[in-house]
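Chemist: need the 3D shape of this:
(one chain, ligands or ions: 1)
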Amino acid sequence: MANLYDLIIVGAGPAGITAAVYAARKRMKFLVLTGDIGGQAAWSGDIENYTGYQFVTGPDLVSKFEEHMRRYAIDFHENEEVMGISKPIGLVKVNTRKGEYTARAIIIASGKMSRELGVPGEKEFKNKGLTYCATCDGPLFSGKDVAVVGGGNSALDAALGLIRIAKSVYVVNNTVRLGGDAVMREKVEKAPNVKVINEAKVTGIAGDKMVTAIKVRTASGEESIAVQGIFVEIGLIPNSSFAGPVERNERGEIKVNCKNETNIPGIFAAGDVTDVSEKQIIIAAGEGSKAALSAFKYINQSR
Ligand SMILES: Cc1cc2nc3c(=O)[nH]c(=O)nc-3n(C[C@H](O)[C@H](O)[C@H](O)COP(=O)(O)OP(=O)(O)OC[C@H]3O[C@@H](n4cnc5c(N)ncnc54)[C@H](O)[C@@H]3O)c2cc1C
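Modeler: Here you go, the predicted model:
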């Protein structure tokens, strides 16, 4: 077959990029299909737990990852999202809007995406003041009043970044108190320009051409809080809907064993899209390397 790859890697976050580095070093003929470069790692403001860096920003770490990967001549298709995969005997077929590709094996490293609020106004004002990435878009709201929706680590990370940029930050949290890491929580709660609203449910987004307010319901009734920016940080869902016959758990995470094998021979998965127990950059990178080595062994054995 003319255009048969050994391996296709889906995604170029920490897991996919690391898998690509390992695949390149094993001299595999492979293709990377991805939406973007860096994935969630690029959204993180301050990273203090990636060994070798006491402190690094997400975008800086991602540019180091990319620089490392680009040392190798890699067939790399950015902005090409995978829509579906199928598994005729011995091969894997991968479909995107731009074409169909065939390989002996695939690594799914497609990570997670932001969960949406599902309230009126959300779709209308997406990217018009409403965003899912504080690290990417926070600087656009310098001196403005903003709201962060959520109460876990992602929301705290967003709030901490915005405290330094925005005039005031409302944290709209639907539980009794904020969750997340104690150190981050204390910093948020102590900041003079933050107001935490607990046990609050977002009921809608209002605006004209851009966001002008967030509607929130608490025990005392519904109120409209004037803000120019809204950062939705209510969790993540795995990008696994295209994975067809691959077995997933109740959260939609792809089930893998310690060799990153799925229930289907030749289909491997790594990083946040899987049911691996912790979701961190260093873990995703390690899982990506392991998946590439497992795929390499599989390809050699099945030739
Ligand atoms: C705000 C925030 C802060 C964080 N801070 C830290 C931190 O300080 N330290 C830490 O260790 N971890 C942190 N994390 C977690 C860390 O970013 C993730 O664990 C890690 O990025 C997971 O890597 P991944 O490669 O598995 O997936 P992702 O980073 O999600 O990358 C997925 C990749 O797949 C691509 N993709 C998705 N769907 C498709 C498709 N259908 N076809 C093709 N490509 C696709 C995406 O474009 C992307 O390139 C943070 C996460 C968030 C959200």
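Chemist: could you use CA atoms for every contact and neighbour count after this?
Modeler: Noted.
Chemist: helix or strand: which one has residue 252?
Modeler: Per DSSP states H and E, residue 252 falls between elements, in no helix or strand.
Chemist: so what's it scoring on pLDDT?
Modeler: Per-residue pLDDT puts residue 252 at 97.
Chemist: what does the one 10 residues further on give?
Modeler: Predicted confidence (pLDDT) for residue 262: 98.
Chemist: what's the closest non-adjacent residue to it?
Modeler: residue 256 (4.8 Å; CA to CA, 6 or more residues apart in numbering).
Chemist: ok, that neighbour to the ligand distance?
Modeler: 13 Å (CA to the nearest ligand atom, to the nearest Å).
Chemist: residues near that residue, how many?
Modeler: 20 (other CA atoms under 10 Å).
Chemist: which residues does it contact?
Modeler: 262, 263, 268, 269, 274, 275, 276 (CA atoms under 8 Å, 6 or more residues apart in numbering).
Chemist: next one: residue 50
Modeler: Applying CA under 8 Å, 6+ apart, the residues near residue 50 are 281, 282.
Chemist: ditto for residue 44
Modeler: Counting by CA under 8 Å, 6+ apart, the residues that residue 44 touches are 57, 58, 59, 135, 157.
Chemist: give me phi/psi at it?
Modeler: phi -80, psi 130 (degrees, to the nearest 10).
Chemist: ditto for residue 82
Modeler: phi -80, psi 130.
Chemist: residues touching it, list them.
Modeler: Residues near residue 82 by CA under 8 Å, 6+ apart: 10, 33, 34, 94, 95, 96, 97, 242.
Chemist: mind picking the two most distant members of those residues?
Modeler: Farthest-apart pair in the contacts of residue 82 is 10 and 97; separation 14.1 Å (CA to CA).
Chemist: who has more neighbours, those two?
Modeler: residue 10 (29 against 10).
Chemist: pretty sure that one is touching residue 32, no?
Modeler: Yes: assessed by CA atoms under 8 Å, residue 10 is found in contact with residue 32 at 6.0 Å.
Chemist: give me the number of residues near residue 143?
Modeler: Residues near residue 143, counting by other CA under 10 Å: 13.
Chemist: who touches it in this structure?
Modeler: 165, 166, 167, 168.
Chemist: show me where this structure has helices.
Modeler: 14-25, 58-70, 122-125, 134-137, 153-163, 182-190, 281-302 (DSSP state H).
Chemist: deepest of those, which one?
Modeler: Highest mean neighbour count of the helices of the chain: helix 14-25, a mean of 26 (counted as mean count of other CA atoms under 10 Å).
Chemist: average model confidence for that one?
Modeler: 98.
Chemist: name the nearest residue to residue 12, sequence neighbours excluded.
Modeler: Per CA to CA, 6+ apart, closest to residue 12 is residue 37, 5.1 Å.
Chemist: what number of residues lie near that neighbour?
Modeler: Residues lying near residue 37 (other CA under 10 Å) number 21.
Chemist: can you check the one 3 residues further on too?
Modeler: Other residues within reach of residue 40, judged by other CA under 10 Å, total 21.
Chemist: returning to that earlier point: which residues are in contact with each of residue 10 and residue 32?
Modeler: residue 16.
Chemist: per-domain residue ranges of the protein.
Modeler: 4-113+236-302, 116-232 (automatic domain parsing).
Chemist: hang on, the earlier thing: may I see the contacts of residue 256 organised as a markdown table, with neighbour count added?
Modeler: Shown next, in a markdown table, are these (neighbours: other CA atoms under 10 Å):
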| residue | neighbour count |
| --- | --- |
| 262 | 22 |
| 263 | 16 |
| 268 | 29 |
| 269 | 35 |
| 274 | 32 |
| 275 | 20 |
| 276 | 20 |
